[in-house]
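J.: Following is a predicted model, sequence given first.
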Amino acid sequence: MIEVSSHPKSFKRTNTMKDKIHPDYNIVKVTLADGSEVEMKSTMGVEEFKSDVDSTNHPFYTGRRQFVDTTGRVEKFKRRYGKK
């Protein structure tokens, strides 16, 4: 009979993973939008990946907002659904 206390640290943990259920974890060369290259690990299954968005051009990081022509949208709405 095996005695196990109720304390969580009393369980023996092993560092082995089950075979054939995990994806391959390989090194991928990522080319960012500004042209810089980074190597990182991924399960994507490709050797190279090109990113269109990164911290140099995304509005969240740059602080620049893309303003949409709301006046044009309002006029289009009025033309389509306005009173005749």
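T.: It's in. Computed from a prediction, not measured in an experiment: that's the story for all the values here. Residues are numbered from 1 along each chain as shown.

J.: Next one, pLDDT for residue 43 please.
T.: Residue 43 carries a pLDDT value of 91.

J.: shouldn't it be in contact with residue 24?
T.: Yes - counting by C-beta atoms under 8 Å, residue 43 touches residue 24, with 6.6 Å between them. For every residue, glycine as well, the C-beta is placed using N, CA and C.

J.: any idea how far residue 21 is from the nearest residue to residue 48 once chain neighbours are set aside?
T.: The shortest distance from residue 48 to any non-neighbouring residue, by C-beta to C-beta, 6 or more residues apart in numbering, is to residue 29 (4.9 Å). Residue 29 sits 27 Å away from residue 21 when distances are taken as C-beta to C-beta, to the nearest Å.

J.: So residue 30 is in contact with residue 38, correct?
T.: Yes - because the distance of 4.9 Å satisfies C-beta under 8 Å, residue 30 is recorded as touching residue 38.

J.: between those two, who's got more neighbours?
T.: Each of residue 30 and residue 38 had its neighbours counted (other C-beta atoms under 10 Å), and the higher figure belongs to residue 30 (17 against 12).

J.: Find the helix or strand that that one is a member of.
T.: Taking DSSP states H and E as the definition, one finds residue 30 inside strand 26-31.

J.: Same check on residue 57?
T.: Element membership of residue 57, judged by DSSP H and E, is empty: it is in no helix or strand.

J.: can you tell me how far it sits from residue 18?
T.: 41 Å.

J.: Compare these two and say which one has the larger neighbour count.
T.: The neighbour comparison of residue 57 against residue 18 (other C-beta under 10 Å) goes to residue 57, with 14 against 6.

J.: how near is residue 59 to residue 72?
T.: On the measure of C-beta to C-beta, residue 59 and residue 72 end up 21 Å apart.

J.: Could I get the full set of helices for the chain?
T.: In chain order, the chain shows helices spanning 59-62, 70-81, with DSSP state H as the criterion.

J.: Just the CA trace of the last one, in PDB.
T.: So the one you mean is helix 70-81. Extracted C-alpha coordinates of helix 70-81, given in PDB (Å, rounded to 0.1, in the frame of the first residue of the first chain):
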ATOM      1  CA  THR A  70     -16.000  59.200 -41.300                       C
ATOM      2  CA  THR A  71     -17.500  62.100 -43.200                       C
ATOM      3  CA  GLY A  72     -17.500  60.000 -46.300                       C
ATOM      4  CA  ARG A  73     -19.200  57.100 -44.500                       C
ATOM      5  CA  VAL A  74     -21.900  59.400 -43.100                       C
ATOM      6  CA  GLU A  75     -22.700  60.900 -46.500                       C
ATOM      7  CA  LYS A  76     -22.800  57.400 -48.000                       C
ATOM      8  CA  PHE A  77     -25.300  56.400 -45.300                       C
ATOM      9  CA  LYS A  78     -27.400  59.400 -45.800                       C
ATOM     10  CA  ARG A  79     -27.500  58.900 -49.600                       C
ATOM     11  CA  ARG A  80     -28.500  55.300 -49.100                       C
ATOM     12  CA  TYR A  81     -31.000  55.500 -46.300                       C
END
